[in-house]
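*Asks:* Here is a sequence with its predicted model. Questions after.
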Amino acid sequence: MHTPGSSTAGYALLLIVQVVFIIVFGFCTDYAKELLPVKNETARVHSPAESEGGNLRKYPRNTEYFQDIHVMIFAGFAFLMTFLKRYGFSASGLNLLVAALVVQWAIIMRGCYEMEDGIIPISLQNLIGADIAAAAVLISMGALLGRTTPIQLLIMGILEIAIFAGNEYLQLELVKAADVGGSITVHAFGAYFGLAVSFMLRPKKELAKAGPLEGSSYSSDISAMIGTIFLWIFWPSFNSALVDGADQERAIINTYLSLAGATVTTFVLSALVSHEHKLDMVHVQNSTLAGGVAVGSICNLLIHPFGALIVGVMAGVISVLGYRFLTPAILSNLRIADTCGVHNLHGMPAVLSAIFSAIYASFASVETYGTSLATIFPAMQNPNATNATSEIEPLEYVIGGYGRSGAKQGAFQLMAIGITMVIAIVGGLITGLILKSPSVRQLEEHELHKDDAFWETPSEESTNTTSTTNESSN
Amino acid sequence: MHTPGSSTAGYALLLIVQVVFIIVFGFCTDYAKELLPVKNETARVHSPAESEGGNLRKYPRNTEYFQDIHVMIFAGFAFLMTFLKRYGFSASGLNLLVAALVVQWAIIMRGCYEMEDGIIPISLQNLIGADIAAAAVLISMGALLGRTTPIQLLIMGILEIAIFAGNEYLQLELVKAADVGGSITVHAFGAYFGLAVSFMLRPKKELAKAGPLEGSSYSSDISAMIGTIFLWIFWPSFNSALVDGADQERAIINTYLSLAGATVTTFVLSALVSHEHKLDMVHVQNSTLAGGVAVGSICNLLIHPFGALIVGVMAGVISVLGYRFLTPAILSNLRIADTCGVHNLHGMPAVLSAIFSAIYASFASVETYGTSLATIFPAMQNPNATNATSEIEPLEYVIGGYGRSGAKQGAFQLMAIGITMVIAIVGGLITGLILKSPSVRQLEEHELHKDDAFWETPSEESTNTTSTTNESSN
Amino acid sequence: MHTPGSSTAGYALLLIVQVVFIIVFGFCTDYAKELLPVKNETARVHSPAESEGGNLRKYPRNTEYFQDIHVMIFAGFAFLMTFLKRYGFSASGLNLLVAALVVQWAIIMRGCYEMEDGIIPISLQNLIGADIAAAAVLISMGALLGRTTPIQLLIMGILEIAIFAGNEYLQLELVKAADVGGSITVHAFGAYFGLAVSFMLRPKKELAKAGPLEGSSYSSDISAMIGTIFLWIFWPSFNSALVDGADQERAIINTYLSLAGATVTTFVLSALVSHEHKLDMVHVQNSTLAGGVAVGSICNLLIHPFGALIVGVMAGVISVLGYRFLTPAILSNLRIADTCGVHNLHGMPAVLSAIFSAIYASFASVETYGTSLATIFPAMQNPNATNATSEIEPLEYVIGGYGRSGAKQGAFQLMAIGITMVIAIVGGLITGLILKSPSVRQLEEHELHKDDAFWETPSEESTNTTSTTNESSN
């Protein structure tokens, strides 16, 4: 039998975490300067400049991207994970809880790297960044779905965000990897982190197989499609939210085409490799999205429409084959459970994306990318050139320095995915070790993939009875 | 047995209402002037000015906010109310019907206060205003869910919008209360109006308890989460739709953080106060949203990130405790049924928001808010000061006049919530009296919380049978 | 028994189609010029002009409209079609597959008419156009829902898009019909095309009635409402995506009001004509949307708010009566099955829209529309007038030439709907003939409206058993 006492302690701990967050927010954050009211007449004197900057702020330009990503994190992931027949409350509810907790923490941890005078300046950009960081945790949650307590998930989220923020800063600001869609820093990180945690929490040998409730029902498969479809729809916004202008529009187009290619491929392959050549909902719900992951690091590059399609098709192939053959093999051999198959949806397609980013980077030059090279591959610009922007940071902060050749940038892209995977796996192993410690309540076997241990659930019997009673009394 | 005849009469009446609306639209409305084509060359001469105004119009700036709010009203409220196991057709269908009717009426009634030459000028702003007004009616509907006929809901909607529009004008234009997120004018109004109607329609003493169908099923709880999650996602747009620039971005940030704080708190408290310390879906579906209500009137103020979190946490506490203890007490003692618990989601958090708005207003000054003071608290600007905007309306129209001190503005904030509650309750009582009149068909006891009286519903038996038959014949 | 072999061949064929698409994309498409990086200093010299054009591109102005339409195509249509009790996997899954395939094909086929130097320039506009084209196919799919194999749907989609693109070019560029919301080119085309296919695939006489699985379950009706509501919400964006400025805002307002009017009317009429005067979910799910179709071709015209309401009310009337009386009659007399009733939601309301567009066009003049006339009815502008834009294409390309009178434009509107219907019906008949050919696998009777032939479906029995077992073991 489970012990409600430990749950209570866990939830009380969560309250303390929330209070600590409030204190940290109180002492270490404030609105970004441009969001504070103009206070004195001096500021009004600079009216042309002000109105120029003010224009940008007048209609916050990223609102629609923010809300699109917000839909993905809070509706997309939530419903995608409702595919288990008796775990829908947890999937939709814990997705909300975990995300609501870690976005706060992500604002703090990511903010550590952009503090000004000891204060984290908060603007809409920070919320977008926090939402994206939450995605990494939700991906890890997908690997563990149904195998942890809520408190274990929250502990994991706290630890993961801290490591995530450090790795993100390392890859984007120090290694200067190109990764606008977050395939390296979000998808690969979240997937391998979650798999490493799953390895630490691996079941006993005789339990290394799908549990009795580790399947879908007809209606849970439909509600999972809500998640799939909203993720599919808004993925172009996810991949393009952090880029501007023509790069942004290319990112939308490439993501759109890659998703389309992955989707068609998923259906074809699902039918070809499945039992009796029937379509498998697991593939449709997940592998159709692999195109969005696989194009993530390269969606703003000049991969051209056919390149986007090829990447999508390859992602669909890898993902469906992964679900069909690799995940069962990993479960039975390494005892790593991966309930949602995040390795197939996020892990492998993200590695593919990183490899492609290295290839495309090797061929990048100022001849092909013109003035965009400096924004796409910041470390490839030459700080001594006449047309260099004045905003270049001191050389010593960037690993490998500026003025990289295409080939060198390509090598750094590979370094970024490599280091990210190492950090994610080591971080996940340590996190898993903590989650396994005797002071943390673990799930018992009969509680796997079931809401009932942590949720008040309506009794289905009484529903039917009542319904029948009413029908007959009518 | 129910009498279909009266339904028919009700629906026929509804048709007449729709025809009357068309006539009123025909005689009293037109597109706003800036939406009419430029007709002559004279207009083209003013090309710089035109292009300036034209710029604003060229890309209607509020489209995305409009659509975000539209999602909340038509998808969010609709699915949130599908939590009852046998009332999903009514929840999703009547939400659509009621909203589609009252937005038309709201354009007319709200338009009465902004007529130009006897014509209501209609632009996108009016649609946003109408959607927000519809929210008040849908909140009241939430209190009554499953306890009225469709026609009673529609009559209530018509009466409520008329009173709503008057109160909104009173509070925003005459009292000059700050309420950008509508906590006072929408949430408090809608909740207390609905509760007053519910009081008038109160059940007989022996029926003042939850009915046999007044609960959820596993799948209805999942579909209700669709509503919760989309409301949660787009609440920052709701609260910030009517403000501009930096104020708008602050409103987004504060709402985001308040919701996050309320969500974490809801889960903690739900587990702590619930039976066996399990999470309760009712709390998760509703109290997580209380943070959006509680921050409504203050989201554009300088409450700072930690202030937003504190407000959210308080809202979560109040709301969960309300669901756990207050709603059952009100039902058994006062016989006021509140099916969706709107008092806990909208009522009390809105009052909290108003109190906070009074506190923050007391400390507001031109030193802290600078030039934004005039837009945030219009009645605090001094009409005689040199930097006053020229758009100040004549003093006589504003109750209490311009040039208010912070403390005075705070008092007016309290006045706004007080008057709103009085108007809502009195209006609701009168409306309830009308709904109870013998000429209006009432629900009978066996029809409570059940679609079957008003909807053709598929027979579940035959589904199962057919399905089984087909399985076996396969 | 079905023959999996033929499915496999079909899916393999689909893979070939995808590969062919990639090759065509590789040789015949590229990003639009403005999406390519600025490559040399020469371009930088034109900095004012560049920044002007750049401004437009800096924040791609149609992103939000694109995402809104994307929601309609991929979530709206998908869930609307899940109303069948045992066809939800197919509805949501095949909607995704068909749409993902035909958007690629639509970019190619529509691009044929805007090639530059043998290359189709791809920008966000092409994605919007492709999504809209996919709508036509999904409408046709609605007519056939549950009566085809996946491969038949895909063959239909490929053929339909080719014909669609030709007809769209004919009506919009050569006939110069006004049709911003696509009522003529999308809704009428898709509906009559689908009905013509359905006629060719008509069942044997004894089967010309609703099948045993051709109904809804309680939960499938709720999930269909997800589709209805999201379509309802974003229809204003669909109708206004391709217009600018004041015209765009009018299109939003008119669509909003027409939908509201249609919705109220649908409920009234559904109750009045239905069995026992109860509301019918089929009407609520579909006829509420007819207002969006009926206002499609005229939403940017000066139809005024009351005109929009009247159009919506008429659409609601036509649509409900169509569902109640016409669809059953067509099925039993002509043996044309129309599973989703697309004739009532898309077909007849679109014809209504075309007729209204002819009427409004007849009364259009430069006196009423001013300078907007040239954008709304391009063929009505006089190429010899002084204020004519310089972008007028050579006269010979436009059927009937420029300088049309209002009455003449009205005649061309009727011509557009007439030719569209002829093309759609002839195209649908030919397509149906191909789908019926012996080399294409047909559905057998016992496979109608059922996922199981093409999907691995969870066994409901085991779910219940497991659940019960676990309850008891708890």
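*Replies:* Sure, I can see it.
*Asks:* Could you list the single helix or strand in chain A with the lowest mean pLDDT?
*Replies:* One helix or strand of chain A scores below all others by mean pLDDT, DSSP states H and E: helix A:47-58, with a mean of 37.
*Asks:* moving C-terminal of that one, what's the next helix or strand?
*Replies:* helix A:63-71 (DSSP states H and E).
*Asks:* Can you dump the C-alpha atoms of that following helix in PDB for me?
*Replies:* Below are the C-alpha coordinates for helix A:63-71, written out as PDB (Å, rounded to 0.1, in the frame of the first residue of the first chain):
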ATOM      1  CA  THR A  63       3.600  38.000 -28.500                       C
ATOM      2  CA  GLU A  64       2.200  35.700 -31.200                       C
ATOM      3  CA  TYR A  65       5.300  33.500 -31.100                       C
ATOM      4  CA  PHE A  66       5.100  33.400 -27.300                       C
ATOM      5  CA  GLN A  67       1.600  32.300 -27.300                       C
ATOM      6  CA  ASP A  68       2.200  29.700 -30.000                       C
ATOM      7  CA  ILE A  69       5.000  28.200 -28.000                       C
ATOM      8  CA  HIS A  70       2.900  28.400 -24.900                       C
ATOM      9  CA  VAL A  71       0.300  26.300 -26.600                       C
END
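*Asks:* Quick one: low-confidence residue ranges for the stretch 51-200 of chain A.
*Replies:* Low-confidence segments of the stretch 51-200 of chain A (pLDDT under 70): A:51-61.
*Asks:* residues in it within reach of chain B, list them.
*Replies:* A:54, A:57-60, A:63-64, A:66-67, A:70-71, A:74-75, A:78-79, A:82, A:88-89, A:92-93, A:96-97, A:100-101, A:103-104, A:107, A:122-124, A:127, A:150 (Cβ under 8 Å from any Cβ of the partner chain). The C-beta positions use only the backbone N, C-alpha and C, and glycine is treated the same way.
*Asks:* Give me the next element, helix or strand, following the host helix or strand of A:Ile120.
*Replies:* Assigning secondary structure by DSSP H and E places A:Ile120 in strand A:120-122. From strand A:120-122 onward toward the C-terminus, using DSSP H and E, the following helix or strand is helix A:124-144.
*Asks:* Off-centre distance for that following helix?
*Replies:* Between the mean C-alpha location of helix A:124-144 and the chain-wide mean there is a distance of 5 Å, by Cα atoms, centre = their mean, to the nearest Å.
*Asks:* Please apply the same query to stretch A:332-345.
*Replies:* Counting by Cα atoms, centre = their mean, stretch A:332-345 comes out at 17 Å from the chain centroid.
*Asks:* and that stretch, which residues are buried?
*Replies:* Buried residues in stretch A:332-345, defined by neighbour count with 16 or more other Cβ atoms under 10 Å in any protein chain shown: A:335-345.
*Asks:* biggest separation within these, which pair?
*Replies:* Farthest-apart pair in these is A:Arg335 and A:Leu345; separation 20.6 Å (Cβ to Cβ).
*Asks:* just the buried residues of stretch A:332-345 now: which is nearest A:Ala290?
*Replies:* Nearest to A:Ala290 among the buried residues of stretch A:332-345: A:Leu345, at 5.7 Å, using Cβ to Cβ.
*Asks:* Out of the residues of the stretch 51-200 of chain A next to chain B, which end up buried?
*Replies:* Buried, going by 16+ other Cβ under 10 Å: A:57, A:59-60, A:63-64, A:66-67, A:70-71, A:74-75, A:78-79, A:82, A:88-89, A:92-93, A:96-97, A:100-101, A:103-104, A:107, A:122-124, A:127, A:150, out of these.
*Asks:* and A:Ser220, what does it touch?
*Replies:* Neighbouring residues of A:Ser220 by Cβ atoms under 8 Å, 6 or more residues apart in numbering or on different chains: A:82-85, A:88.
*Asks:* Can you pick out the most distant pair from those?
*Replies:* A:Thr82 and A:Lys85 (9.5 Å).
*Asks:* For the most centrally placed residue in chain A, which non-adjacent residue is spatially closest?
*Replies:* The centre of chain A sits closest to A:Ala135, judged by Cα atoms, centre = their mean, with a distance of 2.8 Å. Leaving aside its sequence neighbours, A:Ala135 sits nearest to A:Val186 (Cβ to Cβ, 6 or more residues apart in numbering or on different chains; 5.4 Å).
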